[in-house]
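[1] next one to model:
(chains A, B, C and D)
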There are 2 protein chains.
Amino acid sequence: MKDTGRLEAELKKKGYKLTEQRRLIIEVFSENPGHHTAQEIFDLAKRKLRSINFSTIYRNLELLSALDIINKLYIESGTSHYELCGGTHHHHIICKGCGETREMNICPYESLEEEKLNELGFKVTDHKFKIYGYCSKCRP
Amino acid sequence: MKDTGRLEAELKKKGYKLTEQRRLIIEVFSENPGHHTAQEIFDLAKRKLRSINFSTIYRNLELLSALDIINKLYIESGTSHYELCGGTHHHHIICKGCGETREMNICPYESLEEEKLNELGFKVTDHKFKIYGYCSKCRP
DNA sequence: CTCCTTTTTGCAAATCATTTGCATTTACAT
DNA sequence: ATGTAAATGCAAATGATTTGCAAAAAGGAG
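    Now for the predicted structure:
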């Protein structure tokens, strides 16, 4: 029983149940910092609960994203990545050579823009910023 | 024969051929501003060349992206979107309700960051910035 | 213009990520 | 301890994208 607190509260608030699988998914994220694909989460979770099913992973990654407990990334490559929310605000820097993705703490976003958009009727909830290029290993 | 110039040059440079289908894909983009899915490009192209095949579309969207003639977007939703390069530099604002995506000309990126990264061994080529939220129709 | 080599295309089948229907099991409020 | 709604596992379906291959087209050389 890790820090089940936040998770349990968010789930209960909307009538969802705190299942072993849900606790486990969060545990896996906690123990493995950074972002992961559904496949990775599945593999890691399976080590701890052999019976866990892939569709349970997907269903819960979706749910947990909706609850803002995890964050769905959409790193380019056709495969979604997920990361635990609540870390520091950060963005991603992506190597077009090897695909490696690192976090960066630079955020160029100014709340000025947000206000401007709000005035125009668009309610901003969040933003993403990505820098692409080639890492030292992959420089052409 | 539209502005086949740039296209032809870029293709020839690397030994690729200027085919009717490639010309057509660019034509479709030119005639339909904004970004489109492979499916949309296929449908539009098919009107002009009945025999065109879906895999030809995909193969060429990939190729043209690699040649920096079009830009692959990865709008969230599991389906990639593509747009013609060379328009004005812009980013996207995405409604999490209806999924509508609009271009915005705000760019918060400062070349300062780029230099900093270059010094660290990462060669920056481009960046993407997206703002999420709810449009006036979808505000909760 | 014709020939030759290489790249492309169309087609069909394969792959990969993700989603869904359904019967069974589980969480948890009573 | 029990009833009910929610969640899980399983298998099959879906949707986007990719691939192998034989036939067709492009572009350079003669």
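[2] buried ones in the longest strand along chain A?
    Looking across chain A with DSSP state E, the single longest strand is strand A:123-134. By 16 or more other Cβ atoms under 10 Å in any protein chain shown, the buried positions in strand A:123-134 come out as A:123-124, A:127-134. All C-beta spots, glycine's among them, are computed from the backbone N, C-alpha and C.
[3] restrict the residues you listed to contacts with chain B.
    A:123-124, A:127-134 (Cβ under 8 Å from any Cβ of the partner chain).
[4] and the residues you listed, which is closest to DNA strand C?
    Closest approach between these and DNA strand C, by Cβ to the nearest atom of the strand: A:K128, at 16.2 Å.
[5] OK, contacts around the closest one?
    If you count contacts by Cβ atoms under 8 Å, 6 or more residues apart in numbering or on different chains, A:K128 has them with A:91-92, B:128-130, B:132.
[6] make JSON lines from the residues you listed and add pLDDT and distance to DNA strand D to it.
    Formatted as JSON lines, the contacts of A:K128 follow (pLDDT from 0 to 100; distance: Cβ to the nearest atom of the strand, whole Å):
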{"residue": "A:H91", "pLDDT": "89", "distance to DNA strand D": "23"}
{"residue": "A:H92", "pLDDT": "88", "distance to DNA strand D": "20"}
{"residue": "B:K128", "pLDDT": "87", "distance to DNA strand D": "16"}
{"residue": "B:F129", "pLDDT": "89", "distance to DNA strand D": "21"}
{"residue": "B:K130", "pLDDT": "88", "distance to DNA strand D": "17"}
{"residue": "B:Y132", "pLDDT": "85", "distance to DNA strand D": "20"}
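[7] related to what we said a few turns ago, pull the most distant pair out of the buried residues of strand A:123-134.
    Pairwise distances among the buried residues of strand A:123-134 were taken by Cβ to Cβ; the largest, 36.9 Å, belongs to A:K123 and A:Y134.
[8] from memory A:L73 sits against A:T37, does it?
    No - under the criterion of Cβ atoms under 8 Å, A:L73 is not in contact with A:T37, lying 9.5 Å apart.
[9] between these two, which is the more surrounded one?
    A:L73 (20 against 16; other Cβ atoms under 10 Å in any protein chain shown).
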